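# sequence and computational prediction follow.
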2 protein chains.
Amino acid sequence: MGAECHHAESAQPGLEGAALASAVAAAQAQCERTRERLTPPRRRVLELLLESDGPMKAYDLIAAYGADGEPAKPPTVYRALEFLERLGFAHRIESLNAYVPCRMEGAGHRAAFLICECCGAAQEFEPDFSAQFAAAETAGYAVRTVTLEARGLCPACKVETSAQA
Amino acid sequence: MGAECHHAESAQPGLEGAALASAVAAAQAQCERTRERLTPPRRRVLELLLESDGPMKAYDLIAAYGADGEPAKPPTVYRALEFLERLGFAHRIESLNAYVPCRMEGAGHRAAFLICECCGAAQEFEPDFSAQFAAAETAGYAVRTVTLEARGLCPACKVETSAQA
DNA sequence: GCCGCAGCGTTATGAAATAACATAACGAGG
DNA sequence: CCTCGTTATGTTATTTCATAACGCTGCGGC
């Protein structure tokens, strides 16, 4: 993956400056509403995710954590990620062992991704799980969360691939 | 997970004896049809998956590999798993880092699971991805594979949970 | 005040997966 | 039959991902 193409992960450019500050402030505000605490490590990890152009691995976050180049300790980042996931500010992409900030305004706990196997971009989309929920209830299951990850080629990489063929 | 309940993973009892032999023979036959080779390590890993009552971790397989208690080396098992997945004889469950034998007769490359967070059972079901494919095509993606994992409570654990409340 | 809890820092370890290289088995073509 | 390309295995070591366990800190309620 990534060997076949050289695209930047341009689909989801990272936030900077005012946009970044605004996104963090929104998270801050939501935390205050629910009596949760956006502590410094949590805030820092959220910033790093928002600044990134694509999914970040846990150890990428660990390495980038300190403004001075000092890495964080693993538990610091994993605990922050756990919090961010719980509040819906970030999602883990299982098939990549990586994390992205949530792009869906105030969505519930649903999350679904289109993952480009060429450039590594991951685009969140609003899933329709009605068919799956029906199947689950038929089987007697009480579903709590659903993970959906579709893998393939993004529009840009699709074009490149067919062009070189 | 697993701390809350003490159910055996009874939903998918492992195969033994004739049933096991028959399942392995079926895989063998399919391999011969497609000129693939069900070599000893591949066969052994498939057996272990089929015998198991539930999802197996890679290192469970490594530990259980030798009939005499001798573990396998990691690459042996990972390579076998890669083969079994490619042929559709096994599936990886991303959210568990675990593997199960395929229970759907000759299904394509689709796979979806209902995973009980209480007893750890994983039930394969036939997914309907039409809605997701539509969403993906709208976004210009060319989807190759889809992973769907629904987490919740299986019928047995659901009853127990509500009873003890 | 002081107690209980949530969060953090730190050390260490455990679990999951792969890199890299050597060797062996198979199958087609001379 | 034998040699070459290909596929698969054996082996060592390492990398990558994630958590256990412990003690300290700071805040809110009683």
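Arrived safely, thanks for sending. Residues are numbered from 1 along each chain as shown, chains lettered A, B, ... in the order given.
# for the rest of this, base every contact and every neighbour count on C-alpha atoms.
Will do.
# and chain A, which of its residues are near DNA strand D?
Residues of chain A that fall close to DNA strand D, judged by CA under 7 Å from any atom of the strand: A:57-59, A:74-75, A:78, A:97-98.
# emit the PyMOL select command for whichever of these are buried.
Filtering these down to the buried ones (16 or more other CA atoms under 10 Å in any protein chain shown) takes a single PyMOL command:
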select buried, chain A and resi 57+58+59+78+98
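# now, among the residues of chain A next to DNA strand D, which is nearest to B:Leu87?
Nearest to B:Leu87 among the residues of chain A next to DNA strand D: A:Asn97, at 24.1 Å, using CA to CA.
# show the contacting residues for that closest one.
If you count contacts by CA atoms under 8 Å, 6 or more residues apart in numbering or on different chains, A:Asn97 has them with A:57-58.
# and the pLDDT for it?
Here the pLDDT value assigned to A:Asn97 is 97.
# so how far is B:Glu94 from it?
Using CA to CA, to the nearest Å, A:Asn97 is found at 9 Å from B:Glu94.
# which ones among the residues of chain A next to DNA strand D map onto strands?
Counting by DSSP state E, the residues of chain A next to DNA strand D place A:57, A:98 in strands.
# okay, the residues of chain A next to DNA strand D in TSV with distance to DNA strand C next?
Output for the residues of chain A next to DNA strand D, formatted as TSV (distance: CA to the nearest atom of the strand, whole Å):
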residue	distance to DNA strand C
A:Lys57	13
A:Ala58	12
A:Tyr59	12
A:Pro74	6
A:Pro75	5
A:Tyr78	9
A:Asn97	9
A:Ala98	13
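# helix/strand/coil for the residue most central in space within chain A?
In chain A, the centroid-proximal residue (CA atoms, centre = their mean) is A:Val100; its distance is 1.6 Å. With DSSP: H, G, I helix; E, B strand; the rest coil as the basis, A:Val100 sits in strand.
# what about the residue in chain A positioned nearest to DNA strand C, neighbour count?
Closest to DNA strand C within chain A is A:Thr39: 4.3 Å, counting by CA to the nearest atom of the strand. A:Thr39 is flanked by 10 other residues according to other CA atoms under 10 Å in any protein chain shown.
# can you list phi and psi of it for me?
For A:Thr39, the backbone dihedrals are phi -70, psi 170 (criterion: degrees, to the nearest 10).
# give the contact list for the nearest residue to A:Arg144 once chain neighbours are set aside.
In space, and not counting its chain neighbours, A:Arg144 is closest to B:Gly152: 4.7 Å by CA to CA, 6 or more residues apart in numbering or on different chains. The contact partners of B:Gly152, by CA under 8 Å, 6+ apart, come to A:141-145, B:114-118.
# filter the residues you listed down to the ones in helices?
When DSSP state H defines the helices, the subset of these inside them is empty.
# I'd like those residues laid out as TSV, including neighbour count and pLDDT.
Below are the contacts of B:Gly152 laid out as TSV (neighbours: other CA atoms under 10 Å in any protein chain shown; pLDDT from 0 to 100):
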residue	neighbour count	pLDDT
A:Tyr141	23	91
A:Ala142	20	92
A:Val143	19	91
A:Arg144	13	89
A:Thr145	12	89
B:Leu114	26	94
B:Ile115	25	94
B:Cys116	26	93
B:Glu117	21	90
B:Cys118	22	88
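# from those residues, which two are the most distant?
It's A:Thr145 and B:Cys118 that sit farthest apart of the contacts of B:Gly152, by CA to CA, at 13.7 Å.
# now the element after whatever helix or strand A:Arg86 lives in, going C-ward?
For A:Arg86, the host element (DSSP states H and E) is helix A:74-87. Using DSSP H and E, the helix or strand that follows helix A:74-87 in sequence is strand A:90-93.
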